[in-house]
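A.B. asks: Predicted model follows, preceded by the sequence.
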Amino acid sequence: MSGRNKTIALLTFLVIVWGINWPLSKIALSYAPPLLFAGIRTVIAGIILIFAALPKWKQLQFRRLWPVYLTSAILSIVFYYGFQTIGLQYVPSGLFSAIVFLQPVLLGIFAWVWLGESMYGLKIFGLLLGFLGVAALSIGGFNGSISPVGVLLALASALSWAFATIYTKRNAARVDMLWMTAMQIMIGGVILLAAGSATESWSAITWNSAFIVNTLFIAVFVIALGWMVYFKLINEGEAGKVGSFTFLIPLISIGSSVVLLHEQITTNLIVGMLLIVASIILVNVKLGRTHG
């Protein structure tokens, strides 16, 4: 498989598993409190990744690199999942996800400022179109009273994800990417599990097949393999360009919600899909002298 085809295959996998994560998480949350659910799935993923990384044991260098692992865990796991699970209680999920998916726009800007990636008019326009697409998809979430706390938590979720990606890319040369992913997920999962154990009740979890299957699927494919693929792509390609493809995630999320949760297809959905496709084309197009 050529490098380009491999990248496309990895991006396709990532968009699909991160897309179906939203309705699957929604189903699982009806059987468990949010922080305990977030902690359980993340710790399982962390254990899987540690086993996968064991052959590279010498590259862990925990004594020297633990500050990098901890910072990354707090930004991309504790803050991202924490703000998300708490914030969803304050605002409709559509509005929340629209704000969270500001992340690729923020990432495009941060990658330009801190990583020296190129920025030009067409790319900016493409990033903005992508956000407009997500907003159109989620317009249903704008009905009803909007909680400022929920909006701030959604913004905090998007910011922590963007900062985590930049931080990971800036430190990529110092760490082994597999150990970096394993450590941040394990450390983040343990912190989430501790927070859940302190504030929620384990007896509130219903250990039925729907909860167990969803949790295992999310742990293995969405978190363990998903983050591994995401950081591999970020490490090898432009952070902003990879980030732009995350705009496709709400498309998969809504499509799978239609199937799994019987949500309806609307005009907003079609408009949003067209805007997102246009966004990805614009962000990834190469212009003469400009290397995008």
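C.D. replies: Looks like it came in fine.
A.B. asks: which stretches of this protein aren't confidently modelled?
C.D. replies: Applying pLDDT under 70 to the chain flags residues 91-95, 98, 137-146, 238-240, 263-266, 269, 284-292.
A.B. asks: can you map out the strands along it?
C.D. replies: Using DSSP state E, no strands are found in the chain.
A.B. asks: buried sites along the longest helix anywhere in it?
C.D. replies: Longest helix of the chain, by residue count under DSSP state H: helix 3-28. Within helix 3-28, the residues that qualify as buried are 7, 10-11, 14-26, 28, counting by 16 or more other Cβ atoms under 10 Å. From N, CA and C alone the C-beta is placed, and that goes for glycine too.
A.B. asks: on contacts alone, who are the packing partners of that helix?
C.D. replies: Judged by 3 or more Cβ pairs under 8 Å, 6 or more residues apart in numbering; DSSP states H and E, helix 3-28 is in contact with helix 34-53, helix 93-100, helix 209-217, helix 226-236, helix 239-245, helix 249-261.
A.B. asks: in stretch 155-162, what counts as buried?
C.D. replies: Neighbour count says stretch 155-162 has 155-162 buried, by 16+ other Cβ under 10 Å.
A.B. asks: Ok, stretch 203-217 next?
C.D. replies: 205, 211, 214-215, 217.
A.B. asks: Mind listing residues that contact it?
C.D. replies: Residues outside stretch 203-217 that contact it (Cβ atoms under 8 Å, 6 or more residues apart in numbering) are 24-25, 27-28, 31-33, 36-37, 40-41, 44.
A.B. asks: Relative to T168, which of the helices and strands packed on helix 3-28 is closest?
C.D. replies: Closest of the helices and strands packed on helix 3-28 to T168 is helix 226-236, at 5.7 Å (criterion: Cβ to Cβ).
A.B. asks: coming back round to it: buried deepest among the helices and strands packed on helix 3-28, which one?
C.D. replies: Burial of the helices and strands packed on helix 3-28 is given as mean neighbour count (mean count of other Cβ atoms under 10 Å); helix 239-245 ranks first at a mean of 25.
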